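A.B. asks: Just a sequence and a predicted model for now, questions to come.
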Amino acid sequence: MRVICAMLLLVGSLAAASASADASRLFQDGESAERSGDVVRAYLLYSQAVAHDPYNLEYHRRRELLRLRMALQPTPRRAAKRLARR
C-alpha cells in the first residue's frame with residue numbers, strides 16, 4: 001500500500017513539474033511575441049501559460065497588462081470618430 005501511495009505521489013509531482021515547465025516555455029514564447037510586436041499571439045501564449053500554471057501571478061500580470069495595452073490602442077474606428085468630431 002505504501003509503495004502505491006509513493007508511486008502516485010511521484011507521478012503527480014512529475015506531472016506538476018511538466019506543467020510548470022510547459023507554462024514557463026509558453027510564457028517565454030509570449031514575451032518573444034510581444035517584443036516582436038505580435039500582441040495577439042503574445043496574449044494567447046500568456047493565456048495558455050496561465051492555464052498551465054494558474055497560481056503564477058507573473059503570468060496573470062503580464063497577460064492583463066497586455067490586454068489593457070491592446071484595449072487602449074487606437075483602432076481605425078476610434079480614429080475615424082475622433083476625426084469626425086473635429
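C.D. replies: The structure has been received and is ready for your questions. Numbers count the residues shown, from 1 in each chain.

A.B. asks: which residues sit against stretch 45-65?
C.D. replies: The contact list for stretch 45-65, computed with C-beta atoms under 8 Å, 6 or more residues apart in numbering, reads 19-20, 22-24, 26-27, 29-31, 33, 43, 66. For the C-beta atoms, the positions are set from N, CA and C on the backbone; glycine is no exception.

A.B. asks: Any quick ChimeraX command for the buried ones out of those?
C.D. replies: Applying 16 or more other C-beta atoms under 10 Å to those, the buried members can be selected in ChimeraX as follows:
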select :23,26,27,29,30,33,43,66
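
A.B. asks: List the ones among the contacts of stretch 45-65 that fall in helices.
C.D. replies: Counted as lying in helices by DSSP state H, out of these, are 19-20, 22-24, 26-27, 29-31, 33, 43, 66.

A.B. asks: Make TSV from those and add distance to His60 and pLDDT to it.
C.D. replies: Listed next are the ones in helices among the contacts of stretch 45-65 as TSV, based on distance: C-beta to C-beta, whole Å; pLDDT from 0 to 100:
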residue	distance to His60	pLDDT
Ala19	16	59
Ser20	15	72
Asp22	16	91
Ala23	12	93
Ser24	14	94
Leu26	13	95
Phe27	11	96
Asp29	17	96
Gly30	12	96
Glu31	15	95
Ala33	17	95
Tyr43	12	94
Leu66	11	93
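
A.B. asks: Done for today, thanks.
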